[in-house]
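**Student:** just to be clear, the model below is a prediction. Sequence and coordinates:
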Amino acid sequence: MLTDQDQEALTAAQAQVNSLVLGKAREVRLAFVALLCDGHLLIEDLPGLGKTTLAHALAATLGLGFQRVQFTSDLLPSDIVGVSIFDAQARRFEFHPGPVFANVLLADEINRAPPRTQSALLEAMAEHQVTVDGTTHRLPEPFFVIATQNPVDLSGTYPLPDSQLDRFLLRLSLGYPDETAERALLAGEDRRGLIARATPLLGGDDVVRLRQAVTAVHASEALVGYVQALLARSRHAPGVRVGLSPRAGIALLRAARAYALLQGRTSATPADVQALFGAVAAHRLVPEIEAGSDGAALAMSILQDVPVD
């Protein structure tokens, strides 16, 4: 259970991000879910809808070491993880860390880099380490990747393989703002200036402590059974070629615990699972080509097919 001080800091952090990314309270909450689960976040939407703004607002609020990498077609793996350079004076190779050695890494437009470069992030995301020239280097803790991509302008892009999509705990889209939020964005100060003046409200120790608190949130046997039923249904649902793995189920339970914690509760409920199922499952489901459905529609169908006992 969180202390009152931790709960207040977490509430204030969400409020600050919501003041910077207007009208997207649900998406901001999901971003905090990914952070508290020791997972990674994929933000997928059209240009200009606030993907990078959300990432910058999170980083500014966390007050952790932050790096941004703009993924392009000529980006090399060494541009991300670092490179060993021979020091003639010392007569040995010295490792020069890349931008991945940060607490928060923004991988902007990740689908514009070739697969070899995308895969350079795979070990980092899964193991919190990178291996260069046979030597393993640990990444700082906490380590959190926020990746963005544009799903429409696909010219010259390289879709992420399923194995890398699975490394993202959640995928979310922002969508267009409502009328009130859009008016405030148009009439208000530039977001970059506001983010530059944002106060760090959480630190590395706070994030580690909050992640430990997530593991203490109770998930009943009935809730575990409900998640298992969703997994089983996904493997036999019409239109699904590849269903959800046990790792997806683990991710769903972790996310439900974090979702409950963000609302000050000590137990996760089926409502938490239902609120998160699309964000956790849609990018992991592989539709049949002839089905004509996407992962989000399949996830909604699966959710409707499985009753809560």
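**Tutor:** Ah, there it is. Numbers count the residues shown, from 1 in each chain.
**Student:** where along the stretch 101-250 of the chain do the helices fall?
**Tutor:** 115-127, 162-165, 179-187, 191-196, 204-215, 221-234, 246-262 (DSSP state H, counting those that start in this stretch).
**Student:** worst mean pLDDT among the ones you listed?
**Tutor:** Across the helices of the stretch 101-250 of the chain, helix 162-165 has the smallest mean pLDDT, namely a mean of 82.
**Student:** what's the residue nearest to residue 296 when sequence neighbours are not counted in contact with, if anything?
**Tutor:** Once flanking residues are discounted, residue 296 sits nearest to residue 282: 4.4 Å by CB to CB, 6 or more residues apart in numbering. Where C-beta positions appear, they are placed from N, C-alpha and C, glycine not excepted. By CB atoms under 8 Å, 6 or more residues apart in numbering, the contact set of residue 282 is 171, 294-296, 298-299.
**Student:** one more: residue 150?
**Tutor:** Shown in contact with residue 150 (CB under 8 Å, 6+ apart): 44-47, 109, 111, 157.
**Student:** can you lay out the residues you listed as JSON lines showing distance to residue 262?
**Tutor:** Compiled in JSON lines, the contacts of residue 150 are given as follows (distance: CB to CB, whole Å):
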{"residue": "44", "distance to residue 262": "22"}
{"residue": "45", "distance to residue 262": "22"}
{"residue": "46", "distance to residue 262": "27"}
{"residue": "47", "distance to residue 262": "29"}
{"residue": "109", "distance to residue 262": "29"}
{"residue": "111", "distance to residue 262": "29"}
{"residue": "157", "distance to residue 262": "33"}
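**Student:** any of the contacts of residue 282 buried? List them.
**Tutor:** Buried by 16 or more other CB atoms under 10 Å: 171, 295-296, 298-299, out of the contacts of residue 282.
**Student:** in those, find the pair that's most separated.
**Tutor:** 171 and 298 (13.7 Å; CB to CB).
**Student:** hey, where'd the strands end up in the stretch 1-150 of the chain?
**Tutor:** 41-44, 66-70, 82-87, 92-97, 104-108, 129-132, 135-138, 144-149 (DSSP state E, counting those that start in this stretch).
**Student:** indicate which one of these is closest to residue 165.
**Tutor:** Judged by CB to CB, the one of the strands of the stretch 1-150 of the chain that comes nearest to residue 165 is strand 41-44, at 7.4 Å.
**Student:** which secondary structure elements does that closest one contact?
**Tutor:** With contacts taken as 3 or more CB pairs under 8 Å, 6 or more residues apart in numbering; DSSP states H and E, strand 41-44 sits against helix 25-36, helix 51-62, strand 144-149, strand 170-172.
**Student:** how many residues are close by residue 308?
**Tutor:** 12 (other CB atoms under 10 Å).
**Student:** now do the SS call for it.
**Tutor:** Assigned with DSSP: H, G, I helix; E, B strand; the rest coil, residue 308 falls in the coil class.
**Student:** isn't it right up against residue 272?
**Tutor:** No. The criterion here is CB atoms under 8 Å, and residue 308 misses it with residue 272 at 11.8 Å.
**Student:** follow-up on the earlier one: how close does the residue nearest to residue 296 get to residue 288?
**Tutor:** Going from residue 282 to residue 288 by CB to CB, to the nearest Å gives 15 Å.
**Student:** also residue 266?
**Tutor:** 41 Å.
**Student:** residue 251 now?
**Tutor:** 23 Å.
**Student:** what about these two, which has more around it?
**Tutor:** Higher neighbour count among residue 251 and residue 288: residue 251, with 23 against 13, using other CB under 10 Å.
**Student:** give the contact list for the more buried one.
**Tutor:** 37, 39, 169, 280.
**Student:** burial of the last one, as a residue count?
**Tutor:** For residue 280, the count of nearby residues is 29 (other CB under 10 Å).
**Student:** can you pull the contacts of it?
**Tutor:** Residue 280 neighbours (CB under 8 Å, 6+ apart): 169-170, 248, 251-252, 255.
**Student:** got a list of what the residue nearest the centre of the chain touches?
**Tutor:** Closest to where the C-alpha atoms of the chain average out (CA atoms, centre = their mean) is residue 41, at 1.0 Å. Residues in contact with residue 41 (CB under 8 Å, 6+ apart) are 30-31, 34-35, 144-147, 168-172.
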